[in-house]
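Chemist: return a 3D structure for these sequence lines:
(2 chains)
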Amino acid sequence: MVTTDEKGPLTAKKKSVIIRSCDGDEFLVSESAAVLSTSLKKILEEKEDRLIHLSDIDNKTLAMVIAYLSTHADDGLSDDLKRSFDQEFVSGKEFDVLKYLVLATDTLQVTCLCYTVAKKMADIMKNKLVEWVRREFDIQNDYTPEAEAEIRRLDAWAWDDRQLEDD
Amino acid sequence: MDERKLKKLNGCSSSSGSRASSSGVSSSSSGAYDTVWECVIPYVQDPRDRDAVSLVCKRWYEIDAITRKHVTIALCYTATPQRLSGRFPHLESLKLKGKPRAAMFNLIPEDWGGYVTPWVEEIVRSFGRMKVLHFRRMIVKDSDLELLATSAGRVLEVLRLDKCSGFSTNGLLHIGRLCRNLRNLFLEESSITENDGEWLHEIASNNTVLESLNFYMTELMQVKSGDLELIARRCPSLASMKISDCDISDLIGFFRAAASLEEFGGGSFSDPPGQVGEGVFNEQLEKYGAVAFPPRLCRLGLTYLGNTDMPVLYPIASRLKKLDLLYALLDTEGHCLLLQRCPNLEVLETRNVIGDRGLEVLAQYCKRMKRLRIERGADEQDMEDVEGVVSQRGLIALAQGCLELEYLAVYVSDITNASLESMGTYSKNLCDFRLVLLDREERITDLPLDNGVRSLLMGCHKLRRFALYLRPGA
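Modeler: From the prediction side, this is the model:
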């Protein structure tokens, strides 16, 4: 199956590449969009390979990343429109979706998107308690109660950052 | 490209397309999970959220430790320099506080402690990327500054010696000579022994990236206006300059050269030669008439600004956003005349000589006021006419007129419940409110203040800090 992105007809005249996800779906992407990923750019420079297989990026995630790349490669869109696309892109997405996006953009080295998504995830952690973070992100607490207490005691200085500006 | 990523991709970019080769990294494996958090945790910036991060699990503790860029240590004796570098080896910014706050009121002996020496030694030894250093109320020696300049001088971008003591202009000379990437040098309210003005000349000769220089409220007197002008010429990004006393009429060249300047503080106006008389006004105007402020200047604080000097400000009054009159010599009438020309003012700091009448003018003309600080005028009774007090009258006008007010710190001579109630009714953006009732007046119009305080607390939903200093029975 070959899925062309929305800008397909326009960019098809230009060079394009096929990117295959780990579930086997293939995406036709304009080269100008693909090279926004530093990793893909590097591969295209080295191999002139028209089919790139990404063994650790699933269908759903890859489709999102390609939508992002295509939008950002579109010279017809203003920076403002791209910015609002970015906002829209991360809003309302589940934690799991964001997690795979971070992994994919880190692998593909799409710095801007990686930043946007990572920032969004960091924002989710704002003003949350340790226990909430562990529960919500499903992270095993591997501290013994003693070890945790010891860190709190030894590093209290590192957490003493809530002083008022003029104190 | 990162080895790991290249390998991962090259390994699967073959066009064979065999699904079998796409073993992929399972997203639940801890390796991939680590990658996610390594990407995300650097963007957790609030120190409190960082605290939580470091306690989630051991791996997060490690990620926090290596990605933490800034630490504030509220009391320098709660940690050791070695513990700091062991825990956060890649710090780029450090704020250290020494003596307790009481030192600001001369309640702590000079040699109480708070020496930066062991910290500077560790910074030089362990932190190769330390760009921002902020020492507050600490003892800094010339040898510390020399070590910093010689060993970390090229990396250092911001140095704040904030209410510090123990050093001289000799130490600053090294900073000026070697810290060529310094963007911000802050010395405000530090006690500095002055040997000469050569340090400033070194900055002027070696630095082209300075954005902010502050030696406001220091006793450095041997500053040459020529050096200030040279800095302005050589540093196109210079946006803020706050200096010690230096006659404004000597700064004409500086102001002309500082095209990007947005903030200026300090300077001085010489006393009019005659005490009072018709000639005084014109004489002052003549002396300061040639002063032309830079086009972007919008934050200003002029030391010893008197009523007769005020016309110097009129040409730029309408674009002023911040005005510091704490050390000006304006009386109540002077405040009124100046403030009605400042429709864009957002921040004002002054003394209670502004009076209720000044506050009424402020409320009428300065609709964008966000932060207002009214300090107690020290023993200067001669300057304060009978109007030079702030009371419920001024507070009510302020609440009704300046609806965007976010911060108010004020010393009042009299107070009523009704004035606090109007804050609760109108000041919907207030997040920080501090009020001190002076003991100047024997009788206060309306005590106790329970109802007023209750209305204020119930009405100001955004309030986060609230301080009241009253008197028995209030």
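Chemist: show the average pLDDT along the helix or strand where residue A:97 lies.
Modeler: Per DSSP states H and E, residue A:97 falls inside helix A:95-108. In this model, helix A:95-108 has a mean pLDDT of 91.
Chemist: buried residues in it, which are they?
Modeler: By neighbour count on 16 or more other C-beta atoms under 10 Å in any protein chain shown, the buried set for helix A:95-108 is A:98, A:99, A:100, A:101, A:102, A:103, A:104, A:105, A:106, A:107, A:108. In short, each C-beta sits where N, CA and C put it, glycine included.
Chemist: and the helices in chain A, which stretches?
Modeler: Under the criterion DSSP state H, chain A contains helices at A:8-11, A:31-34, A:38-47, A:59-73, A:79-90, A:95-108, A:111-124, A:130-136, A:145-154.
Chemist: for the stretch 351-474 of chain B, same thing?
Modeler: Using DSSP state H, counting those that start in this stretch, the helices of the stretch 351-474 of chain B run over residues B:355-365, B:392-401, B:417-426, B:450-459.
Chemist: got TSV for those helices, with mean pLDDT too?
Modeler: Listed next are the helices of the stretch 351-474 of chain B as TSV, based on pLDDT from 0 to 100:
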stretch	mean pLDDT
helix B:355-365	97
helix B:392-401	97
helix B:417-426	97
helix B:450-459	96
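Chemist: specify which member of the buried residues of helix A:95-108 is nearest to residue B:377.
Modeler: Set against residue B:377, the nearest of these by C-beta to C-beta is residue A:98 (55.6 Å).
Chemist: show me what the helix holding residue A:97 packs onto, helices and strands only.
Modeler: Using 3 or more C-beta pairs under 8 Å, 6 or more residues apart in numbering or on different chains; DSSP states H and E, the elements in contact with helix A:95-108 are helix A:38-47, helix A:59-73, helix A:111-124, helix B:3-10, helix B:30-40.
Chemist: of all those helices, which lies closest to residue B:428?
Modeler: helix A:111-124 (26.1 Å).
Chemist: quick check, that closest one touching chain B?
Modeler: Yes: residues of helix A:111-124 contacting chain B under C-beta under 8 Å from any C-beta of the partner chain: A:114, A:115, A:118, A:119, A:121, A:122, A:123.
Chemist: model confidence over stretch B:173-187, on average?
Modeler: On average, stretch B:173-187 scores 97.
Chemist: what's the first-to-last distance across it?
Modeler: 13 Å (C-alpha to C-alpha, to the nearest Å).
Chemist: returning to that earlier point: now do the helix holding residue A:97: distance to the chain's middle.
Modeler: 4 Å (C-alpha atoms, centre = their mean, to the nearest Å).
Chemist: angle of it against helix A:111-124?
Modeler: If you take axes from the mean of the first three to the mean of the last three C-alpha atoms, to 10 degrees, helix A:95-108 sits at 150 degrees to helix A:111-124.
Chemist: and the contacts of helix A:95-108?
Modeler: Residues outside helix A:95-108 that contact it (C-beta atoms under 8 Å, 6 or more residues apart in numbering or on different chains): A:37-40, A:54, A:56-58, A:60-62, A:64-65, A:90, A:93, A:111, A:113-114, A:117-118, A:120-121, A:124, A:136-137, B:5, B:8-9, B:25, B:27, B:32, B:35-36, B:39-40.
Chemist: repeat that for 6 Å
Modeler: Contacts to helix A:95-108, defined as C-beta atoms under 6 Å, 6 or more residues apart in numbering or on different chains, come from residues A:37, A:39, A:57, A:61, A:65, A:113-114, A:117-118, A:121, B:5, B:32, B:35-36, B:39.
Chemist: mind listing what's buried along stretch B:70-77?
Modeler: Under the neighbour-count criterion of 16+ other C-beta under 10 Å, stretch B:70-77 has B:70, B:71, B:72, B:73, B:74, B:76 buried.
Chemist: near chain A too, which of those?
Modeler: B:72, B:73, B:74 (C-beta under 6 Å from any C-beta of the partner chain).
Chemist: where is pLDDT lowest across these?
Modeler: Within the set of those, pLDDT is lowest for residue B:74 (88).
Chemist: go ahead and confirm that residue touches residue B:96.
Modeler: No: in this structure, residue B:74 is not within contact of residue B:96 by C-beta atoms under 6 Å, at 8.9 Å.
Chemist: get me the contact residues on the stretch 201-350 of chain B for chain A.
Modeler: So far as C-beta under 6 Å from any C-beta goes, the stretch 201-350 of chain B does not lie against chain A anywhere.
Chemist: oh, I was asking about the stretch 51-200 of chain B
Modeler: Residues of the stretch 51-200 of chain B lying close to chain A (C-beta under 6 Å from any C-beta) are B:51, B:52, B:55, B:56, B:57, B:58, B:72, B:73, B:74, B:78, B:79, B:101.
Chemist: on that earlier part again, which stretch among the helices of the stretch 351-474 of chain B comes nearest chain A?
Modeler: Distance to chain A, taken as C-beta to the nearest C-beta, is lowest for helix B:450-459 among those, at 19.3 Å.
Chemist: is residue B:70 in a bridge, and if so with what?
Modeler: Using DSSP bridges, the beta-bridge partners of residue B:70 come out as residue B:93.
Chemist: what pLDDT does it get?
Modeler: The model reports residue B:70 with a pLDDT of 92.
Chemist: now intersect the ones next to chain A among the buried residues of stretch B:70-77 with the helices, please.
Modeler: In helices, judged by DSSP H, none of those are found.
Chemist: with distance to residue A:82 as extra columns, can I get those residues in a markdown table?
Modeler: Listed next are these as a markdown table, based on distance: C-beta to C-beta, whole Å:
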| residue | distance to residue A:82 |
| --- | --- |
| B:72 | 36 |
| B:73 | 41 |
| B:74 | 42 |
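Chemist: among these, which ones are in strands?
Modeler: Of those, the ones assigned to strands by DSSP state E are B:72, B:73.
Chemist: does residue B:204 touch residue B:227 like I think?
Modeler: Yes: between residue B:204 and residue B:227 there is a contact under C-beta under 6 Å: 4.5 Å.
Chemist: one step back: so which of the helices of the stretch 351-474 of chain B gets nearest residue B:146?
Modeler: Per C-beta to C-beta, nearest to residue B:146 of the helices of the stretch 351-474 of chain B: helix B:355-365, 47.6 Å.
Chemist: off-centre distance for the closest one?
Modeler: Centroid separation between helix B:355-365 and its chain, computed with C-alpha atoms, centre = their mean, is 26 Å.
Chemist: contacts for it?
Modeler: For helix B:355-365, the external contacting residues (C-beta under 6 Å, 6+ apart) are B:332, B:335-336, B:339-340, B:343, B:387-388, B:391, B:393-394, B:397-398, B:401-402.
Chemist: please apply the same query to stretch B:436-450.
Modeler: Contact with stretch B:436-450 is made by B:411, B:412, B:413, B:414, B:415, B:416, B:417, B:469, B:470, B:471, B:473, B:474, as judged by C-beta under 6 Å, 6+ apart.
Chemist: what's the PyMOL syntax to select whichever of the residues you listed are buried?
Modeler: Here is the PyMOL command that selects the buried residues among the contacts of stretch B:436-450 (16+ other C-beta under 10 Å):
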select buried, chain B and resi 411+412+413+414+415+416+417+470
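Chemist: what about the contacts of stretch B:436-450, which are in strands?
Modeler: Judged by DSSP E, strands contain the following of these: B:411, B:412, B:469.
Chemist: where does the second one land on pLDDT?
Modeler: Spelled out, that is residue B:412. We have a pLDDT of 94 for residue B:412.
Chemist: CSV please, covering the helices of the stretch 351-474 of chain B and showing distance to residue B:111.
Modeler: Shown next, in CSV, are the helices of the stretch 351-474 of chain B (distance: least, C-beta to C-beta, whole Å):
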stretch, distance to residue B:111
helix B:355-365, 42
helix B:392-401, 43
helix B:417-426, 44
helix B:450-459, 42
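Chemist: might you name the residue of the stretch 101-250 of chain B sitting closest to chain A?
Modeler: The minimum distance from the stretch 101-250 of chain B to chain A, using C-beta to the nearest C-beta, falls at residue B:101 (5.6 Å).
Chemist: over to that residue: give its phi and psi.
Modeler: The phi/psi pair for residue B:101 (degrees, to the nearest 10) reads phi -50, psi -30.
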